[in-house]
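Colleague: Predicted structure and sequence below. I'll ask about it afterward.
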Amino acid sequence: MRSETDKIMRTKLLVTSALITIGVLVSFSIRREVVRPAIEETSIWQSYDRYKEPAIQNRMIKHAEIQPLINKHVSSGLLRSSLLGTSVQGRSINHLVAGKGKIKVLLWTQMHGDESTATMALFDIFNFLSARDENDSFRHLLIEKLELHFVPMVNPDGAEAWKRRNAMDIDINRDAHALTTPEGRLLMKVADEIKPRFGFNLHDQNILYSVGSSKKPATISFLAPAYNHVRDMNEIRGNAAKMIALMNRTLQKYLPDQVSKYSDAHEPRGFGDTFQKKGISTILIESGGYQNDPQKQYIRKLNFYVLLSALHAIAKEAYEQEDIEQYLSIPENGRSLFNLVIRNAEIVKDSLRYRASVGINYSTSVDATGKRLNYRGAIEELGDMHNNYGYNEVDAASLISMPGKIIPMKKVEWEKLSLESEAALLKQGYLYIRFSDQRSPAGPVQGRLLNLINGASVSSRPIALYQYPNFILATPDGKPAYAVVNGFLVDLSKEISSLPNTYGY
């Protein structure tokens, strides 16, 4: 009897112990998931305008523009600067160092010349580190615990031409193995010399990436790059994944449901994958699109904030308590977005008349100043688009489609035409101006609402696949309700402002 009683007691103790253990683990898991990032205890987000570098307002920043900003922070004593070397075309590539701690962190930007969001954010971070205010304890921790290494604008030649590749037409981020480019060799050299614990590979991605198959843009995408083809998760990569879990939580307050995960297919030529293999916990950050933010100034602020949050977590080693599963649960990038979607548009082709959704996207080119992008719209999809979404959308189910009209005028009359006068013409269904006394220029036209055209007529098919999108959406009695000009949607019932550019045909 005693033996049986003891056995029952031992069983109860074991069960109780197991329940307590499970309870502790669950409690710890829950506690870990709801830990607030330390940066939320500061006023850094609210005080961002205090730190934002005022000399940078345009994302098409050039090498010559960042040099005086670097010199300012070197002169103040914040940064220690050395010349890593020069680009193909002879532009300097700088290695900047701040802090005196034992933990080394390497951050590099603009391997692709037309991906500048993080470059802008780094100069905001330099201003933050130079400031003296109520956030001193936060910044002092970074300076005391970390040795921060920055290589801003790895590809200055690409930045000058606003193109992805360098002056050799090589993608630097596919040069980690061959090291054909001087820029790639310099970045590899600094990483090999300092042997950082963490690396931040800072990029921009196509604004048409979505969070999974949702209508939300993937404004920020993260990746802990794989160091082999089977995508093993060792301690080095695991630390990068843990850090991303924290960074994702930091962003959700200001970017709910607009964070995704970049594809982790192993790319042995890539610097992120290569550094991960070398033992550097490497984090890729891709800055995508955000509604009404063509210059990526809000995304710049997000980069500034989340990078500071990550650096603080490294200084405190707070990332160690994070859960890799939280990283794995981040949705992957999708491609469900278009610049403009017109649903249920009336399509006329030959003797057919039907309704379908229309997907419009823009291609870009750099204007003569090198500081502005020109846009050209194209109809890229026609049909069922219920799984696609637009940054802008309109339902045209109750509207008819019409080609725009042409109004002739002399060039001098066009030059004197006010925006209000162009808006009035747009509301009457005009989309084109034809000079009556000379040929008009072809290509992008800045600061206008109407296109230019040299022909005497336009296509009688206002909407067709791969056609340039210029048409009117009108009520059944023929009154224009919307105009689509060079792919941009204009609501004719609202106040009308100039478009990024129209076009000369």
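Modeller: Cool, the structure landed. Residues are numbered from 1 along each chain as shown.
Colleague: How far off centre is the helix or strand containing Lys72?
Modeller: Counting by DSSP states H and E, the element that carries Lys72 is helix 63-75. Centroid separation for helix 63-75 versus its chain: 25 Å, with C-alpha atoms, centre = their mean, to the nearest Å.
Colleague: Now the element after it, going C-ward?
Modeller: Where DSSP H and E defines the elements, the next helix or strand beyond helix 63-75 is strand 80-86.
Colleague: Pull up the pairing partners for that next one, direction included.
Modeller: Using DSSP bridges, strand 80-86 pairs in its sheet with strand 92-98 (antiparallel).
Colleague: Return stretch 156-166 as CSV; C-alpha atoms alone will do.
Modeller: Provided in CSV are the C-alpha atoms of stretch 156-166 (Å, rounded to 0.1, in the frame of the first residue of the first chain):
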residue,chain,number,x,y,z
PRO,A,156,29.3,56.7,-56.1
ASP,A,157,29.6,56.4,-59.9
GLY,A,158,26.2,54.6,-60.0
ALA,A,159,24.8,57.3,-57.8
GLU,A,160,26.0,60.0,-60.1
ALA,A,161,24.2,58.4,-63.1
TRP,A,162,21.4,57.1,-60.9
LYS,A,163,21.8,53.6,-62.0
ARG,A,164,22.0,50.2,-60.3
ARG,A,165,25.4,49.1,-61.5
ASN,A,166,28.9,50.6,-61.3
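Colleague: Can you mark which positions in that stretch are buried?
Modeller: When neighbours are counted by 16 or more other C-beta atoms under 10 Å, the buried residues of stretch 156-166 are found to be 156-166. Using the backbone N, CA and C atoms, a C-beta is placed for each residue, glycine as well.
Colleague: if we take the residues you listed, which one ends up nearest to Ser440?
Modeller: Closest to Ser440 out of the buried residues of stretch 156-166 is Trp162 (26.6 Å), distances taken as C-beta to C-beta.
Colleague: mind listing what that closest one touches?
Modeller: The neighbours of Trp162, taking C-beta atoms under 8 Å, 6 or more residues apart in numbering as the test, are 60, 113-114, 366, 370, 373.
Colleague: From the buried residues of stretch 156-166, pick the one nearest Pro444.
Modeller: Compare each of the buried residues of stretch 156-166 with Pro444 using C-beta to C-beta and the shortest gap goes to Trp162, at 14.7 Å.
Colleague: Give me the pLDDT value at that closest one.
Modeller: Trp162 is assigned 97 on the pLDDT scale.
Colleague: gap between it and Lys411?
Modeller: According to C-beta to C-beta, to the nearest Å, Trp162 and Lys411 sit 31 Å apart.
Colleague: likewise Arg139?
Modeller: Counting by C-beta to C-beta, the gap from Arg139 to Lys411 is 57 Å.
Colleague: and these two? which has more neighbours close in?
Modeller: Neighbour comparison, Arg139 and Lys411: the larger count goes to Arg139, with 22 against 16 (by other C-beta atoms under 10 Å).
Colleague: sorry, back to before: which of the contacts of Trp162 has the weakest pLDDT?
Modeller: Lowest model confidence among the contacts of Trp162 falls on Gly370, which carries 93.
Colleague: For that one, give me phi and psi.
Modeller: Backbone dihedrals for Gly370, given as degrees, to the nearest 10, come out at phi 70, psi 10.
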